[in-house]
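Visitor: below are the sequence and a predicted model; questions follow.
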Amino acid sequence: MIHSALSEIQQVSNKVIELSDGLTKQLGLQEAPKEPEHDLKKLSAQDLNKSYQGLQQQIQQATNPHKKLKLQNKLNDVHHEISNRTQKQLTTFAEQHPEIKQPDSEPDQSLKR
């Protein structure tokens, strides 16, 4: 079950990165300025994806619970960086294209499991 969840997360992450890169190229957007205090902010989207995939493999292979937890924390950091970049790009896109209707603020009940 954990493996399938990790696999699903990886697939979603890959798709988000693909979409982010595609939108960035199509719209001529530039990445937000990167803050030097965190290495993840210096990585390209492709390198972030590779890091994410590598960490997933390391977590699956790790036997030491302490090491596994450290790896999961790193994976979480990478996931947050990917999410933050995507959100920034989407926000920029929405600001540049106000004619595109925003979804209703009510959460979609069909997405809940």
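Guide: Now that the structure is in, tell me what you want to look at.
Visitor: flag the shaky bits of this protein, pLDDT-wise.
Guide: In the predicted model, the chain carries pLDDT under 70 at residues 27-38, 102-113.
Visitor: please, where are all the helices along it?
Guide: In order along the chain, the chain carries the following helices (DSSP state H): 2-27, 45-61, 65-96.
Visitor: now for the residue nearest the centre of the chain: which residues touch it?
Guide: Centre of the chain computed as the mean C-alpha position; nearest residue by CA atoms, centre = their mean is I82, 2.8 Å away. Listed by CB atoms under 8 Å, 6 or more residues apart in numbering, the contact set of I82 reads 13, 16-17, 45, 48-49, 52. (Glycine included, C-beta is placed from N, CA and C.)
Visitor: tabulate those residues (CSV), appending distance to K101.
Guide: Converted to CSV, the contacts of I82 look like this (distance: CB to CB, whole Å):
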residue, distance to K101
S13, 27
V16, 22
I17, 26
A45, 27
L48, 30
N49, 30
Y52, 32
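Visitor: and stretch 41-50, what's buried?
Guide: Across stretch 41-50, burial judged by 16 or more other CB atoms under 10 Å covers 41, 43, 45, 48-49.
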